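# predicted model, plus sequence, below.
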Number of protein chains: 2
Amino acid sequence: MPKVVDHDERRRVIAEAVYVVIEQRGMEQVSLRDVAKEASVSMGAVQHYFRTKDEMLLFALSHMRERVLTRLTTHLSRLKNPTRRQYIREVARVMLPTDAQARQEAIVNIAFVSRSLAEDPLQVLLREGYQRLIDSSDTVLREARDAGEISRELDVKKEGDALFFLVQGLIGPTLIGALSIRRAMAIIDHQLDRLFATS
Amino acid sequence: MPKVVDHDERRRVIAEAVYVVIEQRGMEQVSLRDVAKEASVSMGAVQHYFRTKDEMLLFALSHMRERVLTRLTTHLSRLKNPTRRQYIREVARVMLPTDAQARQEAIVNIAFVSRSLAEDPLQVLLREGYQRLIDSSDTVLREARDAGEISRELDVKKEGDALFFLVQGLIGPTLIGALSIRRAMAIIDHQLDRLFATS
DNA sequence: GGTTTTGCAATGCGATCGCATTGGAAAGGA
DNA sequence: TCCTTTCCAATGCGATCGCATTGCAAAACC
């Protein structure tokens, strides 16, 4: 057996280069050559790890999911004894482009959503991802209700969905610059005020 | 003076061809040749009306705004003596991909949002568009409150924003197939129930 | 009816694309 | 040590890209 290399690690490095190219020049400028250059490897190397460009992008999308999840858990673990409301707020905040990394992830995600509308394999992956997020968003709210922090009169399913899609809808306008992070968070906090009202 | 042609009309025809190509094959597949073919004109004609590809896409985006606005007013004018709530509901419904045309517009819009993140002129146009929409969304809610249909205790500014961004957030997942139109409308109706509560 | 100006069609060009092919360096296993 | 397998660098190829150039038909104006 020859040279031993961590296959997945190499693929991840290339995927990260894909993100940089998408962020800096957009999805339509993603070429094998530019990705290779950004990853500081040869074009042959990229071809060695991905049979086609589409396969590379598919992996890049699935790796992005893991990356977002990792960042999310990191941020959440920094909270000391958070209330359920603080927890939910932090999840929402982490989804918004609050720092360079979150911004890159948001840009890449939108690029993939757009591309997926013309390419099916990507769409399947994204759809599953969304459904999982919607589910966990409902779960958190239900836990909060069971813990008595949210009124039993609220429809936690519909409110959880509304909160999740609200955050989703804030991302694009924030990236474009039509909305500041501050205002976006104020809108979220306003909804949290309502959900967690102690009246 | 030679042959007289409605300049803007020609440009709109080409822009419509751009939408079709984006919808069917995605933004990264938009080429001058394919757009010309879709518009049933020669490539020379496209070049005659747009100096560059970027200029063509910029016009396509601005024409898309007019097209959406036209469709919106058409749908609204079909309502017979609508209540304010029905009016708002219809606006939200028209923004979602409920039919073929709305779906095409949503797809094209996402494609432009994504592309605009790497190209500034598009971003400026989109930002202005969003801000106008946010403003009018606030205005409608304020009118409803002044008419006594919405409780004076509500923060119409924040609620108007939340409603608008909620609708925005529903579009992507609906396109991807992670959410049905029915469920999307149910989420909106649930929020409208709350806003227009007569308690 | 000649002149001029516009509306396009056609073609060419250099750059870039994804992908295939080839060759060889490096690293275990026999 | 030799051999095999993997890793990857380099190059080539046909297709396609945006854009420039050229040429000409058609239509107002004199």
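Received it, and whenever you're ready, just let me know what you need.

# just the element for residue A:45, please.
helix A:43-49 (DSSP states H and E).

# buried stuff in the helix or strand following that helix?
Sequence order places helix A:53-77 as the next helix or strand after helix A:43-49, per DSSP H and E. Buried residues in helix A:53-77, counted by 16 or more other C-beta atoms under 10 Å in any protein chain shown: A:56-61, A:63-65, A:67-68. (Glycine included, C-beta is placed from N, CA and C.)

# spit out the contact partners of the residue nearest to the spatial centre of chain A.
Geometric centre of chain A, nearest residue: residue A:68, 4.9 Å, by C-alpha atoms, centre = their mean. Counting by C-beta atoms under 8 Å, 6 or more residues apart in numbering or on different chains, residue A:68 makes contact with residue A:105.

# try the one 4 residues further on
Contact criterion C-beta under 8 Å, 6+ apart gives A:91, A:94 as the residues in contact with residue A:72.

# distance-wise, check it relative to residue A:78.
According to C-beta to C-beta, to the nearest Å, residue A:72 and residue A:78 sit 11 Å apart.

# residue A:192 too?
Counting by C-beta to C-beta, the gap from residue A:192 to residue A:78 is 19 Å.

# equivalent analysis for residue A:186, please.
Residue A:186 sits 22 Å away from residue A:78, going by C-beta to C-beta.

# for the closest residue to chain B within chain A, grab phi and psi.
Closest to chain B within chain A is residue A:169: 2.8 Å, counting by C-beta to the nearest C-beta. The phi and psi values for residue A:169, taken as degrees, to the nearest 10, are phi -70, psi -20.

# name the nearest residue to it, sequence neighbours excluded.
Excluding the flanking residues, the one nearest residue A:169 by C-beta to C-beta, 6 or more residues apart in numbering or on different chains is residue B:169, at 2.8 Å.

# let's see the pLDDT reported for residue A:51.
On pLDDT, residue A:51 comes in at 96.

# and what of residue A:4?
67.

# which helix runs longest in chain A?
The longest helix of chain A (DSSP state H) is helix A:120-146.

# report the angle between it and helix A:53-77.
Helix A:120-146 runs at 20 degrees relative to helix A:53-77, counting by axes from the mean of the first three to the mean of the last three C-alpha atoms, to 10 degrees.

# ok, helix A:120-146 near chain B or not?
Yes - Helix A:120-146 is in contact with chain B by C-beta under 8 Å from any C-beta of the partner chain, via A:123, A:126-127, A:130-131, A:134.

# more neighbours: which of residue A:186 and residue A:78?
Higher neighbour count among residue A:186 and residue A:78: residue A:186, with 14 against 9, using other C-beta atoms under 10 Å in any protein chain shown.

# not counting sequence-adjacent ones, nearest residue to the more buried one?
residue B:158 (7.0 Å).

# okay, the angle between the helix or strand encompassing the one you found and helix B:120-146?
Using DSSP H and E, residue B:158 sits within helix B:156-176. Counting by the same axes, to 10 degrees, helix B:156-176 lies at 130 degrees to helix B:120-146.

# so how far is residue A:20 from the closest residue to DNA strand D within chain A?
Across chain A, the shortest distance to DNA strand D (C-beta to the nearest atom of the strand) belongs to residue A:44, at 2.1 Å. Distance from residue A:44 to residue A:20, counting by C-beta to C-beta: 20 Å.

# count of residues packed around the nearest residue to residue A:196 once chain neighbours are set aside?
Using C-beta to C-beta, 6+ apart and skipping the chain neighbours, the partner closest in space to residue A:196 is residue A:85 (5.0 Å). A total of 16 residues lie near residue A:85 under the criterion other C-beta under 10 Å.

# again, but for residue A:99
Close neighbours of residue A:99, defined as other C-beta under 10 Å, add up to 11.

# any part of the longest helix of chain A near DNA strand C?
No - against DNA strand C, helix A:120-146 shows no contacts by C-beta under 7 Å from any atom of the strand, the least distance being 13.1 Å.
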